[in-house]
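J.: Kindly generate the corresponding structure for this input.
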Amino acid sequence: MIDASQLNVNGDVRLKLYKGNVEVVGRRSDDSLFDENIATFEDDAGAYDQKDAEGFIKLNALRLRIAANKKG
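T.: Below is the predicted model:
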């Protein structure tokens, strides 16, 4: 499973190491799914609809409500 999941993984990652901390400062891949044209919620050419977030918020809230009910 792990081997199959890594078949399309390639590229470079730049890290900054400082006093026990690791920070990703850059990454590049020929097969990256990142698209600068839709990486913003402002001018994304219609790729993101704010109504889509409503379902996610409700699902996440459901998990929190169930957890709270189990404690109380």
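
J.: Any stretches of this protein with poor pLDDT?
T.: Residue ranges of the chain with pLDDT under 70: 40-41, 43-44, 46, 72.

J.: So which residue is dead centre in this protein?
T.: The residue lying closest to the centre of the chain (CA atoms, centre = their mean) is residue 34, at 10.2 Å.

J.: and the gap between residue 15 and residue 53?
T.: 32 Å (CB to CB, to the nearest Å). Where C-beta positions appear, they are placed from N, C-alpha and C, glycine not excepted.

J.: Determine the three-state secondary structure at the residue nearest to the centre of the chain.
T.: Here residue 34 is recorded as coil under DSSP: H, G, I helix; E, B strand; the rest coil.

J.: And it, how far from residue 65?
T.: 34 Å.

J.: in which helix or strand would I find the residue nearest to residue 22 when sequence neighbours are not counted?
T.: Nearest in space to residue 22, with sequence neighbours left out and distances taken as CB to CB, 6 or more residues apart in numbering, is residue 15 at 5.6 Å. Assigned by DSSP states H and E, residue 15 belongs to strand 12-18.

J.: Pull up the pairing partners for that strand, direction included.
T.: Strand 12-18 has the following strand partners under DSSP bridges: strand 21-28 (antiparallel).

J.: Quick check: what element follows the partner strand along the chain?
T.: Past strand 21-28, the next helix or strand by DSSP H and E is helix 52-71.

J.: can I assume residue 8 is in contact with residue 31?
T.: Yes. Counting by CB atoms under 8 Å, residue 31 is a contact partner of residue 8 at 5.2 Å.

J.: what number of residues lie near residue 15?
T.: Using other CB atoms under 10 Å, residue 15 has 12 neighbouring residues.
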